[in-house]
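[1] I need the structure of the sequence given here:
(one chain, ligands or ions: 3)
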Amino acid sequence: MTKTLTITRPDDWHLHLRDGDALRTTVAHAAAQFARAIVMPNLRPPVTDVGQARAYRQRILDVLRAQAPHAAFEPLMTLYLTDRMTAATIRAAHAEGVVACKLYPAGATTNSDAGVTAMRNIYPVLEAMQDVGMVLLVHGEVTDPNIDLFDREAVFIDQQLIPLRRDFPQLKIVMEHITTREAAQYVADAGQYQAATITAHHLLYNRNALFLGGIRPHYYCLPVLKREIHRQALLQAAASGNPRFFLGTDSAPHAAPLKEAAVGCAGCYTAAAAIELYAEAFEQAEALDRLEAFAAFHGADFYGLPRSTATITLEKKPWQMPQSYPYGQTELKPLRAGESMAWQIAHQS
Ligand SMILES: NC(=O)N[C@@H](CC(=O)O)C(=O)O
Ligand SMILES: [Zn+2]
Ligand SMILES: [Zn+2]
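    Ligands and ions are numbered 1, 2, ... in the order given. Predicted structure coming up:
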């Protein structure tokens, strides 16, 4: 008998869809898995105002309609915070249905050069967000080159997040793609307005994966994979049932030649089989019964959105991840390319 698991259709609370031709690949994958996704705004140029967010959402929906006219996937839009963001834009965005804003410390990650250079610069904006109940999403790493790369998340918590939380006690903050025991601990202790997303790759891999038999660019993302003790802490947090931890793939596609390069881009592509990877992680933690809440309830509850009502069924049946997917004029290599996967989404009969 094949083992099966039926759960409420999950949501992805941190996803990169990119733009243009890339959408044909990324939107199809996301819509096959998720009811909704928080769409990251780190395009070039970044999505910094309501008009851009509205136009980007329409481009996503146009691709979706062309591919799958009846698909029920809903992109949830976000704005990219810069030093020049205004409280007026926040209020306009909120009125338009933008649910969150993303804080990239300038220089911290892919397309973050237009990001915020000092937290003080956006205090009026954060005040407005707290006021209207908009969620602040944070790439939580310091950018100081003197801080060891593996310590940048933990230092960010001490230097930036703790003071921010003190100054905005009721601002909903999601610490994105947490990678350390320190972050899991901080979030668990920080009260009802603080949450975190956890990726599938940080639940399944430690930093050894980056160097297995040679350098492996498709396992390189930011924040970078950490030691096994941190992976264990993340698994424990995800499987704990604590509603302030939820699913965010951070699926971040880059054309294969840009990753397989002397200076390779950061980002792992997992959206083609994300829930299958999470199922593997939760099975490893002996917590498959907690996957549904992590994947479909906690995020919606934190954002104050209704839970989705559709379901998906997963089957424990091995299959092989494709070597690559078409991606505009080039190709995209998913995490696990060519390797075995334990779970699959059952096709509706
Ligand atoms: N996670 C990554 O390594 N990369 C993301 C940016 C981000 O989420 O930090 C990307 O946009 O490529
Ligand atoms: Zn990030
Ligand atoms: Zn991301």
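
[2] hmm, Ala183 is touching Ile157, no?
    Yes: using CB atoms under 8 Å, Ala183 is in contact with Ile157, at 6.4 Å. Backbone N, C-alpha and C define where each C-beta goes, glycine included.

[3] so those two - more neighbours on which side?
    Shown here are Ala183 and Ile157; by other CB atoms under 10 Å, Ala183 has more neighbours (27 against 22).

[4] for the stretch 51-200 of the chain, which residue gets nearest to ligand 2?
    His139 (3.6 Å; CB to the ion).

[5] hang on, isn't that residue packed against Leu103?
    Yes: His139 is in contact with Leu103 according to CB under 8 Å; the separation is 6.8 Å.

[6] show me what contacts the residue of the stretch 51-200 of the chain closest to ligand 2?
    When contacts are counted by CB atoms under 8 Å, 6 or more residues apart in numbering, His139 touches 102-105, 108-109, 112, 176-177, 222.

[7] what about 6 Å?
    104, 108-109, 176 (CB atoms under 6 Å, 6 or more residues apart in numbering).

[8] next: Ala310.
    Arg9 are the contacts of Ala310 under CB under 6 Å, 6+ apart.

[9] check it and give its pLDDT.
    The predicted local confidence for Ala310 comes out at a pLDDT of 95.

[10] Pro69 too?
    89.

[11] nearest residue to Leu258 in space, please, no chain neighbours.
    Spatial nearest neighbour of Leu258, excluding adjacent residues (CB to CB, 6 or more residues apart in numbering): Cys265 at 4.8 Å.

[12] spit out the contact partners of that neighbour.
    254, 258-259.

[13] okay, and which of those residues map to strands?
    Using DSSP state E, no member of the contacts of Cys265 sits in strands.

[14] mark which of these are buried, thanks.
    254, 259 (16 or more other CB atoms under 10 Å).

[15] what is the nearest of the contacts of Cys265 to ligand 1?
    The nearest member of the contacts of Cys265 to ligand 1, counting by CB to the nearest ligand atom, is His254 at 6.2 Å.

[16] and the strands in the stretch 1-150 of the chain?
    Ranges of strands in the stretch 1-150 of the chain, per DSSP state E, counting those that start in this stretch, are 4-8, 12-15, 36-39, 74-80, 100-103, 135-138.
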